[in-house]
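Colleague: Sequence first, then the predicted structure:
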Amino acid sequence: MNQHLLKHQVNKYQSSFELHAIPKPKILLVDDRQENLHALQRLLRSLDAELFSATCGTDALSLTLRHQFALILLDVQMPGMNGFEVAEFLHGHPDTRSIPIIFITAMSKEERYIAKGYEAGAVDYLSKPLDPDTLLTKVKVFLELNRKTLELEHALLILSELNHKHRLLVDCAGEGILGFDACGTITFANPMAETILAADGGKLQGHPLMYLFGYGNTSLNEWQTGEIFKACHSCNQLRNDDTILWKLDGSSFPAQYTVAPYDPEMGLQGGVMVIQDITVRKQAEQALIRLASFDSLTGLANRMLFINSLKEALSKARRHNKMFGIIFLDMDKFKDINDQLGHLAGDDVLKLFAQRLKDCVRTEDIVARFGGDEFAILVDDISEPSNIAAMVEKIICKTSLPVELNGQNMSVYTSAGIALYPDDGQTAEELLHAADTAMYEAKDKGRNGFCFHSPASFI
């Protein structure tokens, strides 16, 4: 490239860079208390940043898959998935492991807690009550780092826009790339686009670009009223991070795409569309949600999902004046199995116990593992206490059937406590406490049995 052409390209780059705004950095605030979130938002309002908030670990994980955050301010003590667990998930995922995390917590300032935060992937650790100046200073450091990164990425994007259209298509050959003319007709498809869109052998050329969005033959007027034409006509980029595109074989897939016009100085000559199949990202999002909601050993709902389901059941029962129950179960002398036969055998017993519980309940009932050898069942919409008593008797009988472990037959027994809404509690916490209390009463009476929290319930 000669000096004159190089200078021309640099001048074009500088002008274009000045006209394109650098996107604002994004900060994610995670705390289960709305008042804490509002306080953080007030403190950070003066910063030139886009603030997002989440009240639980699951929502935070979902947001990190849809947005590129410059920083996460993460509370440690949250119900369900705590801050350490959220940080470990993010640190273990390739798409989110580089996001800086600052823990904000009222927990102990002992070194072991601080060390646990750093091991989970945090870059800093602040204790409540927060000092506003300290918080703002630390946040500004990470925003400045993010700004420099975004400037570099944006510079590369602008350079790509100003390159010759064929050079752009070649440089992006690792993604699906389509060239289209001013009438919206596909004029070029790289091999990856043909693979993604199931159109080997040049079959895409000549097809209307709008076919990918589920349209048939579109008129020129319909094309010119669409958002892709308008973006190109206005010399702007158009980006969609989560949509559905259609292949030539009639099937569809989740995708993200970016559309940019060819060199704006040449007038509207068409543009380029870069496509990515995000099926793997969607699967990863679902996997994260599942990890956050289900027990990895037994496949049952975990404590967080159970409590959420319990709150929904409470809301429904109040509206319709219905009765429902909670069964809290604890395996009797499970520690003896672990001590005598080892933890692998113990895991096998837990999985078998979980399956037997599922075999004894209705499809609509929620069975959860609370941790260790503790389980809970949400029995929705029961007509009378005898219904749930019959279910528990069936569970005790089924779970105590002998099982072969390391060549010997053993029986696994369980104690259960039953709490009923509305008699034994009006909140999730009250009902769980009532069921737990009844379970310990069953253990005190000799184990391998059950008790109602209110004995009069079964009279």
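Modeller: Structure's in. What do you need? Quantities reported herein were computed from a predicted structural model and do not represent experimental measurements.
Colleague: Mark out where each domain of the protein begins and ends.
Modeller: As given by automatic domain parsing, the domain ranges for the chain are 23-156, 165-280, 294-458.
Colleague: TSV for those, including mean neighbour count, distance to Ala287 and mean pLDDT?
Modeller: For glycine as for every other residue, the C-beta is placed from the backbone atoms N, C-alpha and C. Output for these, formatted as TSV (neighbours: other CB atoms under 10 Å; distance: least, CB to CB, whole Å; pLDDT from 0 to 100):
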stretch	mean neighbour count	distance to Ala287	mean pLDDT
domain 23-156	17	10	84
domain 165-280	16	10	85
domain 294-458	17	11	90
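Colleague: Let's have those domains in JSON lines, adding distance to Leu288.
Modeller: Listed next are the domains of the chain as JSON lines, based on distance: least, CB to CB, whole Å:
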{"stretch": "domain 23-156", "distance to Leu288": "5"}
{"stretch": "domain 165-280", "distance to Leu288": "13"}
{"stretch": "domain 294-458", "distance to Leu288": "11"}
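Colleague: most centrally placed residue in the protein?
Modeller: Most central in the chain under CA atoms, centre = their mean is Ser62, positioned 2.9 Å from the mean C-alpha point.
Colleague: Just the element for that residue, please.
Modeller: Ser62 is part of helix 57-66, with elements assigned from DSSP states H and E.
Colleague: Tell me the first helix or strand C-terminal of that helix.
Modeller: Toward the C-terminus, helix 57-66 is succeeded by strand 71-75 as the next helix or strand (DSSP H and E).
Colleague: Provide the contact partners of that following strand at residue level.
Modeller: 25, 27-33, 36, 40, 60, 64, 83, 86-87, 90, 99-105, 122, 139, 142-143, 146 (CB atoms under 8 Å, 6 or more residues apart in numbering).
Colleague: could you check the angle strand 71-75 makes with the helix or strand that it is followed by?
Modeller: Using DSSP H and E, the helix or strand that follows strand 71-75 in sequence is helix 83-92. Using axes from the mean of the first three to the mean of the last three CA atoms, to 10 degrees, one finds that helix 83-92 and strand 71-75 are set 150 degrees apart in direction.
Colleague: With just CA atoms, put helix 83-92 into PDB.
Modeller: Extracted C-alpha coordinates of helix 83-92, given in PDB (Å, rounded to 0.1, in the frame of the first residue of the first chain):
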ATOM      1  CA  GLY A  83     -22.100 -15.500  46.000                       C
ATOM      2  CA  PHE A  84     -19.200 -17.900  46.200                       C
ATOM      3  CA  GLU A  85     -21.100 -20.500  44.100                       C
ATOM      4  CA  VAL A  86     -22.100 -17.900  41.500                       C
ATOM      5  CA  ALA A  87     -18.400 -16.800  41.200                       C
ATOM      6  CA  GLU A  88     -17.200 -20.400  40.900                       C
ATOM      7  CA  PHE A  89     -19.700 -21.000  38.000                       C
ATOM      8  CA  LEU A  90     -18.600 -17.800  36.300                       C
ATOM      9  CA  HIS A  91     -14.900 -18.500  36.800                       C
ATOM     10  CA  GLY A  92     -15.400 -22.000  35.400                       C
END
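Colleague: Helix 57-66 and that helix, what's the angle between them?
Modeller: Relative orientation of helix 83-92 and helix 57-66, computed by the same axes, to 10 degrees: 20 degrees.
Colleague: partners of the helix or strand just after helix 83-92 in the sheet?
Modeller: With elements assigned by DSSP H and E, the helix or strand that comes after helix 83-92 is strand 101-105. Under the criterion DSSP bridges, strand 101-105 sits next to strand 71-75 (parallel), strand 124-127 (parallel) in its sheet.
Colleague: Show me what the helix holding Ser62 is in contact with.
Modeller: By CB under 8 Å, 6+ apart, the residues outside helix 57-66 that reach it are 28, 30, 52, 54, 69, 72, 74, 78, 80-83, 85-86, 89-90, 95-96, 99, 241-242, 281, 284-285, 288-289, 292-293, 304.
Colleague: and whichever helix in the chain runs longest, what other elements does it pack with?
Modeller: Identified as the longest helix of the chain according to DSSP state H is helix 132-162. If contacts are counted by 3 or more CB pairs under 8 Å, 6 or more residues apart in numbering; DSSP states H and E, helix 132-162 sits against helix 3-19, helix 34-44, strand 71-75, strand 124-127, helix 165-171.
Colleague: How far does the shortest one sit from its chain's centre?
Modeller: If you compare the mean C-alpha spot of strand 124-127 with that of the full chain, they lie 24 Å apart, counting by CA atoms, centre = their mean, to the nearest Å.
Colleague: cool, and stretch 319-331?
Modeller: Centre-to-centre, stretch 319-331 and its host chain are 29 Å apart (CA atoms, centre = their mean).
Colleague: Just the CA atoms of it, as PDB, please.
Modeller: Provided in PDB are the C-alpha atoms of stretch 319-331 (Å, rounded to 0.1, in the frame of the first residue of the first chain):
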ATOM      1  CA  ARG A 319     -56.000 -17.400  46.200                       C
ATOM      2  CA  HIS A 320     -58.100 -20.600  46.000                       C
ATOM      3  CA  ASN A 321     -58.300 -21.400  49.700                       C
ATOM      4  CA  LYS A 322     -56.600 -24.800  49.200                       C
ATOM      5  CA  MET A 323     -54.700 -27.100  51.500                       C
ATOM      6  CA  PHE A 324     -51.200 -28.400  50.600                       C
ATOM      7  CA  GLY A 325     -48.500 -30.200  52.600                       C
ATOM      8  CA  ILE A 326     -44.700 -30.500  53.000                       C
ATOM      9  CA  ILE A 327     -43.000 -33.800  53.900                       C
ATOM     10  CA  PHE A 328     -39.500 -33.400  55.300                       C
ATOM     11  CA  LEU A 329     -37.500 -36.700  55.400                       C
ATOM     12  CA  ASP A 330     -34.200 -37.600  56.900                       C
ATOM     13  CA  MET A 331     -32.600 -41.000  56.300                       C
END
